[in-house]
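J.: everything below, folded, please.
(3 chains)
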Amino acid sequence: MILFLSAQQPRLDSLVDQRFGRCMWLIQYDTDTQQWEAFENPGAKQSGGAGVAAAQFVVNHKANVVISGDFGPHAAGAFQAAGIKMHLYGSEITTIEQAISSHQQGKLAAFS
Amino acid sequence: MKQLVILSGKGGTGKTSISAAFAHLVNCNPQAPVAILVDADVDAANLSLIMQPNQSEPHDFWGGSLAEIDRESCTGCGACIQVCRYDAILPDSIDPQKKQIDPVACDGCAACIYACPEGAIRMVPQQEGIWFQSQTPYGTLFHAELFAGRENSGKLVTLVKQHARLMADDGNIPLVILDGPPGIGCPVISACAGSDYGLVVTEPSLSGIHDLKRAIGMLQHFHIPAAVCINKADIYPEGASLIKEYAESVGINVVGEIPYDHRILQSMLQAKPITEIFPSSPSAIAIRNIWIKLASMLLENRES
Amino acid sequence: MQIAVASGKGGTGKTTVATSLALSLADSHPIQFLDCDVEAPNGHIFLNPEINKQEPAVIRIPKIDPDRCSLCGKCVEVCQFHALAKVGKTILVFPQLCHGCGSCTWNCPEGAIEEIPNPIGMLESGLSIAGFPFSQGILTISEPMSTPIIRQLKRWESPSKGDTIILDAPPGASCSVVETLRKCDFAILVTEPTPFGFHDLKQMVGIIEEMKIPAGLIINRDQAPYPPLEVFCLEHNLPILMQIPYDRRIAEGVARGQTLIDIDPLYQEEFRKMMERVESIIMRSRKHTETKGPKP
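T.: I've put the predicted structure just below:
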C-alpha cells in the first residue's frame, strides 16, 4: 500500500505538517517494501489551487492513502473522486514515523 | 488554538482600531502572550500603524507569474492577440510591428505562450509584495504589503495566517486574531478559512447595514459562528435598531455598541490603541466589554 | 469621458462623493453611473434606481466531453491556476479556481472541451432617481473573484461617446480597483486626513501613476491640517479638488442614505466647479498624450 504524508522536512523523523496543500514536503511510503521517498510539494509555492496541485501530484504517484492535518475542499474533492482514502494526524501524532505506525495499527481517524 | 476573524463588509467601520484595542487588552502581559495578531487586509494594511512594531523580519512574497515577450523572437504575427481575453497585448514600445505584454492587464493565464508559433513568450515569476513577522508592544503581528495593483488572490492572506497559526501551535498560544479585509471576495474568504468565530464590526448607516448582511451571509455560508458589534452606534439610532432586529432574525448576537468617539481619531494620530491611551473613554469601555464577552467564548479555560 | 472615484482605504466616502457628483452634474452632462464595488455595492442606496434589466455575470468554465476526452492531460498541464485535475478516468474541474481564460479549450487536441457559463453574480441596470442610467454588479456570496464581474459590467452597457461615466470603485488597491480604473480619463481619490487614509492613499497613487491616469484629491472629514498628506500632494502633483469638513450632520445624513446635495444644496455648485477643473486637467492631459504618444 502506498501512503503519502505531509511533512515539514524530508525525513521519516520529521515533524508532521498539519497543512496539506501548502506543506513543504510530501513523503511517499510503501508499506510492503518499507521504501520511502520525499518530494517537494508542488503546491507549496502556488499562487492558487495549492490543494489541487498537491492532490494531482499524489494521484499521479498512485497513492492509496493520504494523511495530513486537514484537507481543503478542492483536495478533498480530488481524492474522493480518485478513491484515495484520507486520514488525519489528530493532535497526538507529532512525527511521520508515529503517523505511519499509527496508521498501520488502524488508529488514525478518517477524514470526512 | 482558536481563530477569531474580524470583518465588516463595508470598509471604514473601525475593524482595525478595534483589533488594536483587542491586542492591547489580551496581551497585557508581554511575557505570556495570549494571542497572535494578523493583519489580513494586505492591500491596505493599517494595523501596524497602531501596533508600531519595534522589530520586523521582512520576507519577499512571490505570487503568480506574468507573460513576457522576447522582442528578438517575436514576428508580430498576432497569434497571441487572438487568444488573450484580457486586452493585455500591445504594440511593442520600441518596434510597434512587434508585440509586448501589458503587465497591468495580464492575467497570467499563459494562453499566449501556447498560441505563439515562435515560442517567443515565457512566464516570469513576480514578486507581488512583502510579508513581515513583527514584534510589537502588544504581541507578535504578522502582516503584509501587497504591491499596489496586484492580484489579491488570497494567497498572501493565507500565508500570513498560516505563519501565525504555526507559531501559535508551536508556542501553545491559544488565540489568533485576524483583522480582516472589507468586502466578501477572495481575500476575505482566505481570512475566514479555519476561523472558529467571526466578529462583524458594522456601523448603523444604510450602507453599513446592507454590507453587514453580505458579511454575515458569507460567515454563514462557511458555517462560522458570528456576532456583531455596532460602532458609531449613536450616529443613526434607527439604523442601530434595524441591525438589532436583523441580527435577532438570523440568530446572531449583538455583543456591543460603541458610541461615536472623537478620541478614536486621536488615538490613531498618536498611534496607540484607544484602550491604552483613553481607557475611561466611552468607546474604550464599550470595546473592553465586547472583548470580555468574546474572550469568555474563545478562551474557556483561561482568565481573560 | 470616464471618471473613477477611488480611495485605497475603505469608508473614506467614495460612494458619497460619486453619487453626489453624479447628481450635481445630472442637469448639465449626460451621466451614466457604474457601481463597480461589486462585493458591497452601495450606490443604489443613494441613487434609488429602478432596475429594469438583469443579466447573470458569468465566467466561462470548461466542460469536458468524456466521450471525446483521451485523458491526455494537456488541459491540466496548460492551466496555470490548477482548476483542472486528472483523477482516475476523469478530468475534474474546480470552478472557483477557474479564471475563464479559455486556454484549456484551445489546447485540447481532441476538441473535447466546451465552455459553459458559470454564474458568479448579477449585472443590473435601470434609471436612477434623477433619470440617468445606473448599473451595478453584485458578486454572489461565496464566489471569490470580483474582477471578472467588473470587466463585464464595464462592457455591458455600451455608453454613447459623449457620456460622462462615473465609476464607483471598490476599496483597496489591488486588481479589482485596477480593472475599474482601466481606460478611465481621471481618478478622483477620496481620502481622510489620518494615518490610515494617508497610508492607503499612497498605494492608490502608485497605481494611478503606473497606469498614467491623471488624478485629484478630495479630502473628506477634514478637521485639521495633516502635514504629511499636504507634502505628499505637492511632491506628486496631486491637486486638492475639494475639502469636505468633518461635520456630524453629514455623517448622520449619509447614514440615512442622503447625498451631500440633500444635506446641503450648496455642494451642487462645488461639484460643478470641481468638474470644470477636472475637465480642463483631462484636456491638458490629452494634448500632452497627442504630442508624446499613446499611454499604455
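
J.: wait, does the helix or strand that contains C:Pro56 make contact with chain A?
T.: If you go by DSSP states H and E, C:Pro56 is part of strand C:50-64. No - among the residues of strand C:50-64, none lie within reach of chain A under C-beta under 8 Å from any C-beta of the partner chain; the closest is 12.9 Å away. C-beta coordinates here come from the backbone N, C-alpha and C atoms, glycine included.

J.: neighbours of the one residue in chain C that gets nearest to chain A, how many?
T.: Across chain C, no residue is closer to chain A than C:His82, which sits at 2.7 Å (C-beta to the nearest C-beta). Number of residues near C:His82 (other C-beta atoms under 10 Å in any protein chain shown) recorded here: 26.

J.: can you check the one 5 residues further on too?
T.: C:Val87 sits with 22 neighbouring residues when counted by other C-beta under 10 Å.

J.: who are the contact partners of it?
T.: A:55-56, A:59, A:78, A:81-82 (C-beta atoms under 8 Å, 6 or more residues apart in numbering or on different chains).

J.: so what's it bridging to?
T.: Counting by DSSP bridges, C:Val87 forms beta bridges with C:Thr90.

J.: rewinding a little: out of the contacts of C:Val87, which are inside strands?
T.: Among the contacts of C:Val87, no member falls in strands (criterion: DSSP state E).

J.: report the two of those residues separated the most.
T.: The largest separation in these, counting by C-beta to C-beta, is between A:Gln56 and A:Ala81 at 11.5 Å.

J.: of the two, which one has the most company?
T.: A count of neighbours by other C-beta under 10 Å puts A:Gln56 above the other of A:Gln56 and A:Ala81, at 24 against 17.

J.: for that one, report the pLDDT, please.
T.: At A:Gln56, the model reports a pLDDT of 95.

J.: tell me the SS of the residue of chain C closest to chain A?
T.: Look at C:His82: counting by DSSP: H, G, I helix; E, B strand; the rest coil, its state is coil.

J.: one more: B:Ser267?
T.: B:Ser267 ends up helix, using three-state DSSP.

J.: phi and psi next, for the closest residue to chain A within the stretch 51-200 of chain B.
T.: Residue of the stretch 51-200 of chain B nearest chain A, by C-beta to the nearest C-beta: B:Gly64 (3.8 Å). Per-residue torsions, B:Gly64: phi -90, psi -170 (degrees, to the nearest 10).

J.: where in the chain is pLDDT low?
T.: Since no chain was named, I'll use chain A. In the predicted model, chain A carries pLDDT under 70 at residues A:47.

J.: let's do chain B instead
T.: Those would be B:300-304, if you go by pLDDT under 70 across chain B.

J.: domain ranges for it?
T.: Here the domain parsing of chain B from automatic domain parsing is B:2-52+B:137-298, B:64-127.

J.: can you show me the helices along the chain?
T.: Let's take chain A. With helices called from DSSP state H, chain A shows them at A:50-60, A:73-82, A:96-104.

J.: nope, chain B please
T.: B:15-26, B:47-51, B:79-83, B:111-115, B:155-170, B:186-192, B:206-221, B:237-249, B:263-269, B:274-277, B:282-298.

J.: please identify the most buried of those.
T.: Greatest average neighbour count among those goes to helix B:15-26 (a mean of 27), per mean count of other C-beta atoms under 10 Å in any protein chain shown.

J.: that older thread, is the residue of chain C closest to chain A in contact with A:Pro42, as I believe?
T.: No - C:His82 is beyond contact range of A:Pro42, at 9.3 Å (criterion: C-beta atoms under 8 Å).

J.: find residues that contact each of the two.
T.: Shared contacts of C:His82 and A:Pro42, counting by C-beta under 8 Å, 6+ apart, come down to A:53, A:56.

J.: just the element for C:Thr12, please.
T.: Going by DSSP H and E, C:Thr12 is not in any helix or strand.

J.: state the distance from it to C:Glu252.
T.: 17 Å (C-beta to C-beta, to the nearest Å).

J.: tell me which of the two has more neighbours.
T.: More neighbours surround C:Thr12 than the other of C:Thr12 and C:Glu252, with 27 against 18 (other C-beta under 10 Å).

J.: contacting residues around the residue of chain C closest to chain A?
T.: Per C-beta under 8 Å, 6+ apart, neighbours of C:His82: A:43, A:46, A:48-50, A:52-53, A:56, C:94, C:97.

J.: from those residues, pick the one nearest chain B.
T.: Nearest to chain B among these, with distances taken as C-beta to the nearest C-beta, is A:Gly48, at 5.2 Å.

J.: ok, the closest one touching B:Val157?
T.: No - contact between A:Gly48 and B:Val157 fails when scored by C-beta under 8 Å: they sit 11.7 Å apart.

J.: what's the local residue count around C:Lys212?
T.: By other C-beta under 10 Å, 11 other residues sit near C:Lys212.

J.: so what's it scoring on pLDDT?
T.: You'll see C:Lys212 listed with a pLDDT of 92.

J.: domain ranges for chain C?
T.: Taken from automatic domain parsing, chain C resolves into C:2-48+C:129-292, C:58-119.

J.: near chain A, anything from the longest one?
T.: No - no part of domain C:2-48+C:129-292 sits close enough to chain A to count as contact by C-beta under 8 Å from any C-beta; the gap is at least 8.9 Å.

J.: the contacts of C:Val87: which ones sit near chain C?
T.: Among the contacts of C:Val87, the residues lying close to chain C (C-beta under 8 Å from any C-beta) are A:55-56, A:59, A:78, A:81-82.

J.: quick check: mean pLDDT across stretch C:155-172?
T.: Average pLDDT, stretch C:155-172: 86.

J.: what's the span of it, first residue to last?
T.: One end of stretch C:155-172 sits 22 Å from the other (C-alpha to C-alpha, to the nearest Å).

J.: got the buried residues for that stretch?
T.: Within stretch C:155-172, the residues that count as buried by 16 or more other C-beta atoms under 10 Å in any protein chain shown are C:156-157, C:163-172.

J.: so which of the residues you listed belong to helices?
T.: C:Trp156.

J.: which member of the buried residues of stretch C:155-172 is positioned nearest C:Ala215?
T.: C:Ala169 (11.9 Å).

J.: list the contacts for B:Asn27?
T.: B:33-35, B:138-139.

J.: look up how far chain C lies from the residue of chain B most remote from its centre.
T.: Distance to the chain centre peaks in chain B at B:Thr75, reaching 43.8 Å (criterion: C-alpha atoms, centre = their mean). According to C-beta to the nearest C-beta, to the nearest Å, B:Thr75 stands 20 Å off from chain C.

J.: spatially nearest residue to that residue, not counting backbone neighbours?
T.: Closest residue to B:Thr75 apart from its sequence neighbours, by C-beta to C-beta, 6 or more residues apart in numbering or on different chains: B:Glu118 at 5.8 Å.

J.: tally up the residues packed near that neighbour, please.
T.: The number of residues packed near B:Glu118 is 14, by other C-beta under 10 Å.

J.: is it in contact with B:Glu72, as I believe?
T.: No - counting by C-beta under 8 Å, B:Glu118 stays clear of B:Glu72, with 9.7 Å between them.

J.: identify the contacts common to these two.
T.: Counting by C-beta under 8 Å, 6+ apart, B:Glu118 and B:Glu72 have no common neighbour.

J.: so where do the strands sit in the chain?
T.: No chain in the question, so chain A it is. Per DSSP E, chain A carries strands over the ranges A:2-7, A:25-30, A:36-40, A:65-68, A:85-88.

J.: the chain in question should be chain C.
T.: Secondary structure of chain C (DSSP E): strands located at C:2-6, C:31-35, C:50-64, C:84-87, C:90-93, C:113-127, C:133-139, C:164-168, C:186-191, C:215-222, C:240-245.

J.: dump those to a markdown table, plus distance to B:Asn231.
T.: As requested, the strands of chain C are arranged in a markdown table below (distance: least, C-beta to C-beta, whole Å):
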| stretch | distance to B:Asn231 |
| --- | --- |
| strand C:2-6 | 24 |
| strand C:31-35 | 24 |
| strand C:50-64 | 31 |
| strand C:84-87 | 44 |
| strand C:90-93 | 42 |
| strand C:113-127 | 28 |
| strand C:133-139 | 24 |
| strand C:164-168 | 23 |
| strand C:186-191 | 20 |
| strand C:215-222 | 15 |
| strand C:240-245 | 21 |
